[in-house]
Structures are given as C-alpha cells and as structure tokens.
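1. fold the stuff below for me.
(2 chains)
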Amino acid sequence: MNGLPNRQVLLLLTFTLCVLGGYWLTLLAVPNLMMRTAMHRLSDGGAAVNRFVFAGPTTPASRRVVRPAPDLAYGSCVYDLAAGPLDVGARVTEGGGYTSLSVFAANSDNIAVLDSMTHPGGIDFVLALPGQAVPADRPVVRSPSARGIILDRRLAPTAADFARADAARRFNLCAPMARTVK
Amino acid sequence: MVVEAVAEPARRPRAWPFALAVLGGTALGIGAALWAIEAGARPTAYQGWEANTLAGSPDADALTRARVARSGLLALDRSQAIYFNRTTDSAGRPLDEGCRYRVGGGPLPARWWSVTVYAADHYLPRNDGAALSFDATEVVPDAAGRWQALVGPAPQPGMAFASTQGAGDFALTLRLYNPDAAAQRDFAGIALPVVERLDCGGERAA
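-> Numbers count the residues shown, from 1 in each chain, chains lettered A, B, ... in the order given. You can find the predicted model right below:
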C-alpha cells in the first residue's frame, strides 16, 4: 500500500483537530482571561484580596468592567480560597432598595446570588471550596474555583440613594473565616 | 565492467506540511472562535431586543459564556436580572447618536427596571450630561400604565431622558431586576418597549 494517501489523511486530520482545538480552547480561555483582567483591576493589581473595595458613583470614566449600570452602587471582593473559607456578609440598604451579593467563579459563572428580597435582615454566608470544612450552622456557597469575584450591587439612582447605599455597604464583610472548623 | 546499482537513500518525510497544518488549523480555529464571539449568530431576539436565557448561568454553553464575558462580564442570572440589548430601532435601523428616539411601553414584569445607553466599546458614552440612563422611577405612566422616554443628544422638558452624546453607533440595555417568575420562564411573553426614531441631525419629523 502506498504511504502517500495515509500521509494526506494524517495531514487533514491534524489540520481538523487543530481547528477544533483552537476554537474550543479560545472559547474556554476568553471568560477566564476576562475574569483575570477584572480581578486584577478590582483588586488594585492584587493588593486588595479577600476584602471589599467600593467604587464611587458610576460615570463614563468607570472602565473596570464592561457595561456598568449608572443606577447602581458597586462594591467588590476579589476572593482567594486557597488558604481557607471566607466569611461574607452585607447589611441591606436602610429604607429598602435592591441589595445583592453575587458570587462569580473564575470562568465567569454566576454561582450564587443572595439579595435583599430573600434576606431582608442582611446577607451572611461562608464561601468555600468543595471539601473545605465549614460550620454546620451557616449558609455555605461552594465555589468551583479558588479565585473569583463577589459583587455587591445596590440600587442608587440618585445622590441621596448612593449615600444611603454607601453607608450600609461599609459594614460588608469578606475575610478569612474567623474560627477554624475541624 | 560491472556497474553496481546504488540504492537511493530513503527520503525522510518532510515536516513542514505538518507544521503548516498545525499553525494554520490553530489560527483558523482561534479566528473562528473570536468571530463567533464578536459577530457570530446573534442571541435570540425578542421584539427587537436580544437576550440570552443562559447569561450568567453555569448551564451556559461555552460560546454563550464567552460572549457574555466579552460584552457583559459579571452579569446576573435570570433569577435576579434579565438583560435585553438592542442596537437598532424598531424599523431595524442602527441606533445613531445624532438621532432622537422615543422609547415607550407598558408595565414591565420586574421589581425595578432601567434603560442605559452604551457606546460600541460596551462602556458608557463619554459625556458629561449626567443622564446615562432612565429608570422605572423617572417615567410617568398614564392611567393604563403606558410610559415614554426620550433617548437623544438633548433632553426635552417633562420626559425621562438618556443622553447619546459621544455614543456613536450605540446600544440600549434594558435591565429587569427581580423579574417575575413568568418573565424568567418566558422572555417572549414580556411586552418590551418600542424604540421609535423621531428625527436625526436636528431635523424635526413632519
């Protein structure tokens, strides 16, 4: 049997596999790269990890994340669970209005949202990796990735609303879990 | 005289066709993925507004996840918020910063909603008008719950307003926060606002 056709088939197979591989790896890489960029920006270059950082009112100069909503007050905590679970919490804004904490994994999936409708008395949970020991008496969110972003959104269409939202979010918590669970 | 036949050395297969196949195939795959993310098949359209039922969801396929990451990173899933985007008016013409548009509709099935202008780079347009969006608290519904707002270069007294200054060919994003359960299940059942072009370049419609 002549080896030439086999070589051509092999070439075609190599080409096809590389097209498919390039396609799928790019689709998988884009969300992770976008998240990595956002985590870098929101943590001030990695200096602010496992603590909340609060953005001022959203303006045309707000360029850390695409499509910011000008009617919302944003806060964020870039998390790293490598050293253990985190305590996470937020007071809802006085006088009502939308408040939520949403948790995003490193691939950009929104893995959990807790808001003021379902938690009018305040939001409190433990964020942990699968398998990490957590208290039995606390709500737990399991992140599939060690790193990600917790986003605090609060309705703040006016300056007065923003001031109320800002006062409430200063009590936010995003820190290594206070007590160790064995 | 005896002439001995000299055996030709076996030719080694050339490697460059494989290198070309790897490089060309990979480049084509990456290019196809980037095209699909930026300009491939559009999300489902609902009355001219595009939305993806799996935005932000762990159930999203790889292409949806990449597209949302590119144009709406940190989007909430539909149990919390539904995002509708559009880049054309109700007649299918691209939205233009030099034109005025009447955006109008009825009650929306959510606890709160807003409409925001975004430039083509997915960020807020660089203007100092302090009117980047309008929301449910700014419109004045009539007895039937119908409301309208103006999107254009300059406000009009008595109307909720969002500025298009510096927006170029822009997009509108409608956010429905805490949408009703029925709305979460069926985006097509939501009566979405109409975007009607009034005039362009300062000319008033007859």
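2. what sits up against whatever helix or strand B:Val68 lives in?
-> In the assignment (DSSP states H and E), B:Val68 maps to helix B:62-72. Helix B:62-72 has contacts (CB atoms under 8 Å, 6 or more residues apart in numbering or on different chains) with A:24, A:26-28, A:30-31, A:34-35, A:66-67, A:107-109, B:33, B:36-38, B:40, B:43, B:52, B:54-56, B:60, B:75, B:83, B:85, B:122. For every residue, glycine as well, the C-beta is placed using N, CA and C.
3. mind checking which of these land in strands?
-> Using DSSP state E, the subset of those located in strands is B:Tyr83, B:Asn85.
4. please indicate which of the contacts of helix B:62-72 are buried?
-> Buried subset of those (neighbour count, 16 or more other CB atoms under 10 Å in any protein chain shown): A:26-27, A:30-31, A:34-35, A:66-67, A:107-109, B:33, B:36-37, B:43, B:52, B:55-56, B:60, B:75, B:83, B:85, B:122.
5. report the longest helix in chain B, please.
-> helix B:16-39 (DSSP state H).
6. and the angle from that one to helix B:62-72?
-> 60 degrees (axes from the mean of the first three to the mean of the last three CA atoms, to 10 degrees).
7. neighbours around whichever residue of chain B sits closest to chain A, how many?
-> Closest residue of chain B to chain A, CB to the nearest CB: B:Gly29 (2.4 Å). The tally of other residues near B:Gly29 (other CB atoms under 10 Å in any protein chain shown) stands at 23.
8. is A:Thr37 within a helix or a strand, and which one?
-> helix A:4-42.
9. I'd like the next helix or strand past that helix.
-> strand A:52-54.
10. give the buried residues for that following strand.
-> A:Phe52, A:Val53.
11. list the contacts for the closest residue to A:Ala82 other than its chain neighbours?
-> Of all residues not flanking A:Ala82 in the chain, A:Ala146 sits nearest, at 4.9 Å (CB to CB, 6 or more residues apart in numbering or on different chains). Applying CB under 8 Å, 6+ apart to A:Ala146 gives the contacts A:Asp80, A:Leu81, A:Ala82, A:Ala106, A:Leu129.
12. in the sheet, who's paired with the nearest residue to A:Phe104 once chain neighbours are set aside?
-> In space, and not counting its chain neighbours, A:Phe104 is closest to A:Ile149: 4.7 Å by CB to CB, 6+ apart. Beta bridges link A:Ile149 to A:Val78, A:Phe104, judged by DSSP bridges.
13. ok, now which ones touch the residue lying closest to B:Gly29 once chain neighbours are set aside?
-> Excluding the flanking residues, the one nearest B:Gly29 by CB to CB, 6+ apart is A:Gly22, at 2.4 Å. Counting by CB under 8 Å, 6+ apart, A:Gly22 touches B:Gly25, B:Thr26, B:Ala27, B:Leu28, B:Gly29, B:Ile30, B:Ala32, B:Ala33.
14. check the gap between A:Gly22 and B:Pro141 for me.
-> 51 Å (CB to CB, to the nearest Å).
15. for A:Ala178, same thing?
-> 48 Å.
16. which one's more surrounded, the two?
-> For A:Ala178 versus B:Pro141, the count of surrounding residues by other CB under 10 Å is larger for B:Pro141: 13 against 8.
17. can you check the pLDDT for the nearest residue to the more buried one once chain neighbours are set aside?
-> Spatial nearest neighbour of B:Pro141, excluding adjacent residues (CB to CB, 6+ apart): B:Trp147 at 4.5 Å. At B:Trp147, the pLDDT value in this model is 96.
18. run through the residues that contact B:Trp147.
-> B:Gly104, B:Gly105, B:Gly106, B:Val139, B:Val140, B:Pro141, B:Ala160.
19. ok, 10 Å please
-> Residues counted as contacts of B:Trp147 (CB atoms under 10 Å, 6 or more residues apart in numbering or on different chains) are B:103-108, B:134, B:136, B:138-141, B:159-160, B:193.
20. same deal with A:Phe15?
-> B:Pro17, B:Phe18, B:Leu20, B:Ala21, B:Val22, B:Leu23, B:Gly24, B:Gly25, B:Thr26, B:Leu28, B:Gly29.
21. picking that back up, the residue of chain B closest to chain A contacts A:Cys18, correct?
-> Yes - at 6.3 Å, B:Gly29 and A:Cys18 qualify as touching, with contact defined as CB atoms under 10 Å.
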